[in-house]
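Q: Dropping a prediction and its sequence here:
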Amino acid sequence: MGNTNFESSDNEFGLLSSEQIDRVMDKLAKSRRLKANYRFVVSSTINSDIRWARNRASMTSNRRGVNVFIICRIDTSGSSILTNQLDDVSLEGTLREVESNCLRGADYKRPLDSPIEKSFVPRASNTVTWSDRTLTRSIEEAAAIVKEATSPAEDQGFLSAGFIDSYGMSMGVVDVDQYDRYDRNFYRMTQAQCSSTVRHPQGTSSGWAGLARYDLNKIDEIQLAKLAVEKCLSSVNPVRIEPGRYTVILEPQAVGELVQTMLDSPLAYASHRDKSERGGPYFLNVNRSLNRGIAKLGLKIVDERITISHDPSDPDLGILPVPGTLPIKWIDKGVLNELTHSYGGYSLSELNDGSRRERRGSFRMDGGNTSIDEMIAGTERGLVVARFSKLRQIDADSLLATGVTRDGLWLIEKGKVSKAVRNFRITESPLFALNNVEEVGAAQPIFQPGPVPELDYLFPEFALTQVIAPTLKVRDFSFTSTIDAI
């Protein structure tokens, strides 16, 4: 290997260019010594953020990093190593270590798919994942925005905290099989996030607003800050009411958070390999000869107004067009249309061409045309829920989840919001909620934390987790206890 300088990038955004990444991958590919399947992933990231607390900017940072991830597989034996060193000596030493471990079967011994098998598959086209503006705003501009964003809270005597985050990544992936067949791809993406929390200094109310998009131009930080102040104002001195089942109006943020618990369930993982006689909510029963459930594909499982999909060509989602990322509708007008497999698991939704639809972090839930004001006006008694916190699934068979309301809960009486309410713990299944839908509002992007740095180099499809969800009016939503936190 000859030496190549990677101390600085020839990319104006501070990321490694496709040419620089290609040179690293070429060096690795030419230095292989085994007749094996290899995957080389070279990624470059930049992350800039500014944070504020108590109405004052408190921290700024600008972080850059590189990763080289190497996988080597021979039959049922494989090994992988991650390094952040790009000099030739380190790259060669890392490659030799991976090969040595692979020969010994050090990391694992189980049937493995060749990386190349997942690479020669159709790709999405016309995918938008990049915005120059996301990486070009200066820290001085960001500081000026923070000053303006905290002013509404300060004017009310409230305390504001939050962050504005910009992220960019360039990545190259090359698969080389034992027959020297190559498949090479280059991706780049950006993501911007803003979160603003406003609290009463006496701890009697809280308001929040946030948004995540790939394009910084699509985020109005000042408007989000004002919305957080409005929610805090309307939540002052909440009253305690009895838990129970209520008609609820779930704002888009709450809907997205609740539905995400479904996508972290067997809806995303069709392989059902446990020994129980229950196949989960998406299965009719268990085929004992195959040891897996018979899926409810083609059957209605939720309200017919509900469609949950994942489309790489959707410009509002901005999903990386990695191999195998094809359009998918898990639920189409209430009907279970598709199940997808877990990584390394059996897929009930393998396509005829051999490619696989794998779960990604982003999804769209189609909306309707009822405004939240119309929903409130038509509600005799109910609750408006701003968002949830700490949602987690507690029963895989029913998808029952638990969590708490947060940053805004209001009582509706006779078609009007009458007062703020103390927060509740919920214990509810998203499937139950989606079967009790009364009205559906317009879908809009929400805040979905991301990217997931530790997964960028391995699963770039998880780097973007943008979600689009509507407002929902749902009857008989279960609140099981009150909580003191605001």
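A: Noted; the coordinates are in hand. Residues are numbered from 1 along each chain as shown.

Q: all contacts plus neighbour counts: C-alpha atoms, from now on.
A: Will do.

Q: which residues touch Ser418?
A: Counting by CA atoms under 8 Å, 6 or more residues apart in numbering, Ser418 makes contact with Trp410, Leu411, Ile412.

Q: please redo it, this time with the cut-off set to 7 Å
A: Going by CA atoms under 7 Å, 6 or more residues apart in numbering, Ser418 touches Leu411, Ile412.

Q: Which positions in the stretch of helix or strand it belongs to come out as buried?
A: Using DSSP states H and E, Ser418 sits in strand 416-420. Under the neighbour-count criterion of 16 or more other CA atoms under 10 Å, strand 416-420 has Lys416, Val417, Lys419, Ala420 buried.

Q: While we're on the third one, how confident is the model there?
A: Read that as Lys419. pLDDT, Lys419: 95.

Q: In the stretch 51-200 of the chain, where is pLDDT below threshold?
A: Applying pLDDT under 70 to the stretch 51-200 of the chain flags residues 106-128.

Q: what about the helices in this protein?
A: 18-30, 88-104, 132-136, 139-156, 221-234, 252-263, 372-377, 430-435, 453-456 (DSSP state H).

Q: any chance of these in JSON lines, plus mean neighbour count?
A: Compiled in JSON lines, the helices of the chain are given as follows (neighbours: other CA atoms under 10 Å):
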{"stretch": "helix 18-30", "mean neighbour count": "17"}
{"stretch": "helix 88-104", "mean neighbour count": "18"}
{"stretch": "helix 132-136", "mean neighbour count": "18"}
{"stretch": "helix 139-156", "mean neighbour count": "17"}
{"stretch": "helix 221-234", "mean neighbour count": "22"}
{"stretch": "helix 252-263", "mean neighbour count": "22"}
{"stretch": "helix 372-377", "mean neighbour count": "17"}
{"stretch": "helix 430-435", "mean neighbour count": "20"}
{"stretch": "helix 453-456", "mean neighbour count": "14"}
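
Q: Please render those helices as a markdown table that adds distance to Asp215 to the earlier fields.
A: What follows is the helices of the chain, written out as a markdown table (distance: least, CA to CA, whole Å):
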| stretch | distance to Asp215 |
| --- | --- |
| helix 18-30 | 21 |
| helix 88-104 | 34 |
| helix 132-136 | 6 |
| helix 139-156 | 15 |
| helix 221-234 | 13 |
| helix 252-263 | 19 |
| helix 372-377 | 27 |
| helix 430-435 | 30 |
| helix 453-456 | 19 |
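
Q: quick one, which of these is nearest to Val404?
A: Nearest to Val404 among those is helix 252-263 (10.6 Å), distances taken as CA to CA.

Q: Return the list of helices and strands in contact with that closest one.
A: strand 381-395, helix 430-435, strand 467-482 (3 or more CA pairs under 7 Å, 6 or more residues apart in numbering; DSSP states H and E).

Q: Swap in 6 Å and give it another go.
A: Contacts defined by 3 or more CA pairs under 6 Å, 6 or more residues apart in numbering; DSSP states H and E place helix 252-263 against strand 381-395, strand 467-482.

Q: what's next to that helix, contact-wise?
A: Contacts with helix 252-263, where a contact means CA atoms under 6 Å, 6 or more residues apart in numbering, come from Arg387, Phe388, Ile446, Ala469, Pro470, Thr471.

Q: Verify the contact between the fifth one and Ala442 for me.
A: Right, the one you point to is Pro470. Yes. If you go by CA atoms under 6 Å, Pro470 and Ala442 touch, sitting 5.1 Å apart.

Q: any shared contact partners between those two?
A: Gly367.

Q: Those two: which has the busier surroundings?
A: Neighbour tally, Pro470 and Ala442, criterion other CA atoms under 10 Å: the higher count belongs to Pro470, 27 against 18.

Q: hey, where'd the strands end up in the stretch 101-250 of the chain?
A: 108-109, 159-176, 182-199, 206-213, 244-250 (DSSP state E, counting those that start in this stretch).

Q: now, of the ones you listed, which is deepest in the fold?
A: strand 206-213 (a mean of 26; mean count of other CA atoms under 10 Å).

Q: what's the spacing between stretch 205-217 and its chain's center?
A: From the chain centre to the centre of stretch 205-217 is a distance of 15 Å (CA atoms, centre = their mean, to the nearest Å).

Q: same check, this time on stretch 144-163
A: Its chain's average C-alpha position is 28 Å from that of stretch 144-163, according to CA atoms, centre = their mean.

Q: Show residues contacting it.
A: Under the criterion CA under 6 Å, 6+ apart, residues 50-55, 194-201, 222, 225, 229 lie in contact with stretch 144-163.

Q: cool, stretch 46-65 as well?
A: 44-45, 150, 159-168.
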